[in-house]
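Peer 1: Sharing a sequence plus its predicted fold:
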Amino acid sequence: MKTIKLLFKPMLIAILLITHTSCSSDDNPIDENPNPPTDSHFYELSFTGGATDGETLTGNLPIGYGNSGVVAIRSTSTNGQGETEDTIILTLTDEIQTPNLNLAMGLTMNNNQALGFGPNVNETSSGMTITYGNYVMNSLSGSSTITDYGEQTVYTGVTYAHFKITFTADMQVGYTNQTDTFTTQVTGTIIVRKPIFNSL
């Protein structure tokens, strides 16, 4: 599989695929809630090192279409060498939080676990990009664990995955419109809930 540069904007296309889902009633982020509700997605990110040292971002996001949410889409294909490529594209957008948060993961799968993070998404590594405020972060290395995995394939043939992922990754961080960089470590949890689909 050819190496794919991990760019956030192309991955946002995946989030458009949730336009036929219904919205939940919980649209508010949380500041202190150790038990996220079961009817919303959940995330928590903590940073260590660099200008982001000590920062924590956390929130509940609605299930369904909206400006904020989480979607994970799994796909398999066969490359030119006859090898099966198995990936999950996970996108998270929180426009409720200030500053807004965008996160994209390209997870190269081995059964139901992702390969370790690297700078690119390819046959040997996964990748992650995080943007918020003036920061643009790209993974250098790291690992993750997926639990409570399930999936649902809809009539269009799209397979939506739902699971909990915990991860730690070293990130190269740049600033919007600046050349300075630094490194930070992010430790996080994302709970991707099962989509709710409208009746046809």
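Peer 2: Noted; the coordinates are in hand. All figures in this text were calculated on a predicted structure; none of them were measured in a lab. Numbering: from 1, shown residues only.

Peer 1: can you give me how far the strand or helix carrying residue 57 is from the chain middle?
Peer 2: Assigned by DSSP states H and E, residue 57 belongs to strand 56-62. On the basis of Cα atoms, centre = their mean, to the nearest Å, strand 56-62 sits 13 Å off its chain's mean C-alpha point.

Peer 1: In the sheet, which strands lie alongside it, parallel or antiparallel?
Peer 2: Using DSSP bridges, the strands paired with strand 56-62 are strand 40-48 (antiparallel).

Peer 1: and the closest residue to residue 170 other than its chain neighbours, what is it in contact with?
Peer 2: Setting aside the residues directly before and after it, residue 170 is nearest to residue 140 in space (Cβ to Cβ, 6 or more residues apart in numbering), at 4.6 Å. Any C-beta I mention is one placed from the backbone N, CA and C, and that applies to glycine too. By Cβ atoms under 8 Å, 6 or more residues apart in numbering, the residues touching residue 140 are 117-119, 169-172, 183.

Peer 1: What subset of those is buried?
Peer 2: Neighbour-count burial (16 or more other Cβ atoms under 10 Å) applied to the contacts of residue 140 gives 117-118, 169-171.

Peer 1: so of those, which ones are in strands?
Peer 2: 169-171 (DSSP state E).

Peer 1: Now flag whichever of those residues is closest to residue 153.
Peer 2: Nearest to residue 153 out of those is residue 169 (Cβ to Cβ; 29.2 Å).

Peer 1: The closest residue to the closest one other than its chain neighbours pairs with what?
Peer 2: Nearest non-adjacent residue to residue 169, counting by Cβ to Cβ, 6+ apart: residue 142, 2.8 Å away. Judged by DSSP bridges, the bridge partners of residue 142 are residue 117, residue 169.

Peer 1: Tell me the spacing between residue 142 and residue 187.
Peer 2: Distance of residue 142 to residue 187, computed by Cβ to Cβ, to the nearest Å: 9 Å.
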